[in-house]
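1. Sequence first, predicted model second:
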Amino acid sequence: MTIKVYDELEQGSDEWLQARCGLLTASEVKLIITPKLAVAKNEKTRAHLYELLGQRITRYVEPTYISDDMLRGQMDEIEARQLYDEQIEKTHTVGFITNDKWGFTIGYSPDWLVGEDGAGECKSRRQKYQVQTIIEHVHDGDSTTIPTDYLLQCQTGLAVSERKWIDFVSYHGGLPMVVIRQYPDPVIQDAIINAAGEFEAELAGKLADFRDAFGRDNARMFDTERRIEQEMFV
């Protein structure tokens, strides 16, 4: 069993992308398992399989589009963390965590860690979702649960980091910040690891198919060189 913590990596950097290259991560587990905890077999699962397979073959992560929501989220996370530090407990950050105790590796990029036991996962929300969260997870007395969209990510983060708890932080500037503490759920985590194991087995099979293709009599494949996007527009 090996937990590896990348203390010095800056999330979003080239080094961080390389550390994540080809790995199933907590933020993408929703693509391999359904909300009812069944193994997912759909187009999104298939697309993610080939995305990770491509990364494992080339050791290259293709650039992705950064939307306005993502940029807003980066700023909101800074403000949310400052408020969390003031009102709850001081935090610290690491770039990435991996765990391979299952015979394959899963990665997790926590928004922050708290002491030796805790972690934080912050989500920048549109105001309609923040209002919904306050009503459904605070007013209605359901303050031990978090929005379903983020449950798998948080439980995977707990499994990878082996932390005792994670605070889900829901933030929208101008509305109250909501903090909901989650603890490891063995049922959910077992389902996640089962789905991840099946996904890894399929990845291994497809990688073998890719390598086998070179020996086919009808193969007409020729080596090429990658052109970095910046170079294409110079």
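-> Perfect, I can see it now.
2. List the contacts of residue 160.
-> Applying CB atoms under 8 Å, 6 or more residues apart in numbering, we find residue 160 in contact with 3, 26, 97-99, 106-108. To be clear about C-beta, it is placed using only N, CA and C from the backbone, and glycine gets the same treatment.
3. got any ranges where the protein has weak pLDDT?
-> Scanning the chain with the threshold set as pLDDT under 70 gives 1, 142, 229-234.
4. List the residues that contact the residue nearest the centre of the chain.
-> In the chain, the residue lying closest to the centroid (CA atoms, centre = their mean) is residue 27, at 2.1 Å. Going by CB under 8 Å, 6+ apart, residue 27 touches 109, 153.
5. Could you look up the SS state of it?
-> helix (DSSP: H, G, I helix; E, B strand; the rest coil).
6. picking up where we left off before, from the contacts of residue 160, keep the buried residues only.
-> Taking 16 or more other CB atoms under 10 Å as the criterion, what is buried in those is 26, 97-99, 106-108.
7. circling back: just give me the closest of the contacts of residue 160 to residue 130.
-> Nearest to residue 130, judged by CB to CB, of those is residue 26 at 22.4 Å.
8. you'd agree that closest one is up against residue 156?
-> Yes: here residue 26 reaches residue 156: they are 3.8 Å apart, a contact under CB atoms under 8 Å.
9. quick one: common contacting residues for those two?
-> Common neighbours of residue 26 and residue 156 are listed as 106, 108 (criterion: CB under 8 Å, 6+ apart).
10. before we move on, back to that, of the buried ones among the contacts of residue 160, which belong to strands?
-> 97-99, 106-108 (DSSP state E).
11. so can I have CSV of the contacts of residue 160 showing distance to residue 199?
-> Formatted as CSV, those follow (distance: CB to CB, whole Å):
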residue, distance to residue 199
3, 21
26, 14
97, 19
98, 16
99, 16
106, 10
107, 14
108, 16
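12. tell me the two of those that are most distant?
-> So, these by CB to CB: farthest apart are 3 and 26, at 13.8 Å.
13. which element is the residue located most distally from the centre of the chain on?
-> The C-alpha centroid of the chain is most remote from residue 217, which lies 40.3 Å away (CA atoms, centre = their mean). For residue 217, there is no helix or strand it lies in under DSSP states H and E.
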